[in-house]
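Asker: take a look and give me a structure for this.
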Amino acid sequence: MGKLGRIGVGVDYSAASKSAVRWAIDKLVGAGDSGDVIIILVHVLSPKSDPINKQLFEDTGSPLIPLEELNDMNVCKKYGLTPDPEVLDILNAASMTKGVEVAAKIYWGDPREKLCDSVENLKFDVLVLGSRGLGLVQRLLLGSVSTYVVQNAACPVTVVKTPPAAAKP
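Answerer: I've put the predicted structure just below:
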């Protein structure tokens, strides 16, 4: 596989998305990739959420938010985020040890559509998603974000299964 420059990771801070973040860092980022790779977390919030700046960015998503700003709770509050400290620890460690750049982008709307939009807008080389492991009936009734994105995204998509122990509350 060639060197990847832009890696998108869909996150909602569930066990599945934490697995996706870990997998992307462990499998797609090498120690010598400093400065060559950026991981962009893609958050899709409910269209009903109403952070201060939502109206400015509703169609295009927020500007890229660097990791340093993601660590600032005031910045997160401004965008309607409640980041998971464990995910921030994972990202901070990857930034320090592997030299990978990390940023986030926030969209509002249907996760399936907005994740596909993020691929187009941010020119990802690959998008990594977690899978909640819905059964066949649940997928048919509820739909699956990962299935939709795999079928419609304009880049390769990797779906990371959540380890059974991590999926339980």
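
Asker: tell me the phi and psi of Leu129?
Answerer: phi -130, psi 150 (degrees, to the nearest 10).

Asker: from Leu67, how far out is Ser46?
Answerer: As judged by CB to CB, to the nearest Å, Ser46 and Leu67 stand 24 Å apart. The C-beta positions use only the backbone N, C-alpha and C, and glycine is treated the same way.

Asker: tell me where the protein has strands.
Answerer: Secondary structure of the chain, counting by DSSP state E: strands at 6-11, 38-45, 65-66, 101-108, 126-131, 157-161.

Asker: have a look at Ser46 and Leu67 and say which one is more surrounded.
Answerer: Neighbours were counted for Ser46 and for Leu67 using other CB atoms under 10 Å; Leu67 has more, 18 against 11.

Asker: for that one, what are its contacts?
Answerer: Listed by CB atoms under 8 Å, 6 or more residues apart in numbering, the contact set of Leu67 reads 91-92, 95, 101-104.

Asker: got the strands of the chain as CSV, with mean neighbour count columns?
Answerer: Shown next, in CSV, are the strands of the chain (neighbours: other CB atoms under 10 Å):
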stretch, mean neighbour count
strand 6-11, 23
strand 38-45, 23
strand 65-66, 18
strand 101-108, 22
strand 126-131, 24
strand 157-161, 19
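
Asker: where are the low-confidence patches of the chain?
Answerer: 1-3, 31-35, 49-56, 58, 132-143, 163-169 (pLDDT under 70).

Asker: for beta bridges, what are the partners of Val128?
Answerer: Counting by DSSP bridges, Val128 forms beta bridges with Val9, Thr158.

Asker: check contacts around it.
Answerer: Contacts for Val128 were tallied using CB under 8 Å, 6+ apart; they are 7-10, 20-21, 23-24, 28, 157-158, 160.

Asker: picking up where we left off before, relative to Asp59, which of the strands of the chain is closest?
Answerer: Nearest of the strands of the chain to Asp59, taken as CB to CB: strand 101-108 at 9.2 Å.
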